[in-house]
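**Student:** Sequence and predicted structure below; questions after.
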Amino acid sequence: MNSYIEGSPREISADGENLYMVDQVIPDVTMTPNTSLLLYMNTRKFPNATEITKGPFTITSSTEKVSTRAKGRQISMKFQSSGTEDDWTLGDFRVNSRQDGLR
């Protein structure tokens, strides 16, 4: 069964003035050993710009971190699974980001 949960876009920083590079995601997910989860990261450099999708990145029960390279002012994440017996629960994910420039 195909299932997913997707958050709405939000500013990476409080004021949305700067671009940020997201280079690592630390998952907080409870799942059965046979479950795998796909992570998609959607970013925008400007509010009306085209959304850029990075991923899918695979998360399993043994995944400690996911290395990414996503740049933008806004970010949203989508978690998806397609197994018929997948069982997972999301917690609080941690995202490592740093201020970056346009290039």
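**Tutor:** Yep, that arrived.
**Student:** so how many other residues sit close to the closest residue to residue 1 other than its chain neighbours?
**Tutor:** Sequence neighbours aside, residue 84 is the residue nearest to residue 1 in space, at 5.7 Å (criterion: CB to CB, 6 or more residues apart in numbering). Quick note: C-beta positions are derived from backbone N, CA and C, even for glycine. Using other CB atoms under 10 Å, residue 84 is surrounded by 7 other residues.
**Student:** Tell me the secondary structure at residue 84.
**Tutor:** Here residue 84 is recorded as coil under DSSP: H, G, I helix; E, B strand; the rest coil.
**Student:** State the distance from it to residue 29.
**Tutor:** Here the distance between residue 84 and residue 29 works out to 19 Å (CB to CB, to the nearest Å).
**Student:** Check residue 69 too.
**Tutor:** 21 Å.
**Student:** Compare these two (neighbour count), which wins?
**Tutor:** Under the criterion of other CB under 10 Å, the comparison of residue 69 against residue 29 puts residue 29 first, with 17 against 10.
**Student:** so that one makes contact with residue 92?
**Tutor:** No - Residue 29 lies out of contact with residue 92 (CB atoms under 8 Å); the separation is 10.1 Å.
**Student:** The worst-scoring helix or strand of the chain on mean pLDDT - which strands sit beside it in the sheet, and in what orientation?
**Tutor:** The helix or strand of the chain with the poorest confidence is strand 10-11; it has a mean of 82 (mean pLDDT, DSSP states H and E). The pairing partners recorded for strand 10-11 under DSSP bridges are strand 74-81 (antiparallel).
**Student:** chain center to the strand it pairs with: distance?
**Tutor:** Offset of strand 74-81 from its chain centre (CA atoms, centre = their mean, to the nearest Å): 5 Å.
**Student:** Now do that strand, average pLDDT.
**Tutor:** The pLDDT scores in strand 74-81 average 93.
**Student:** Now the element after that strand, going C-ward?
**Tutor:** Past strand 74-81, further along toward the C-terminus, the next helix or strand under DSSP states H and E is strand 88-90.
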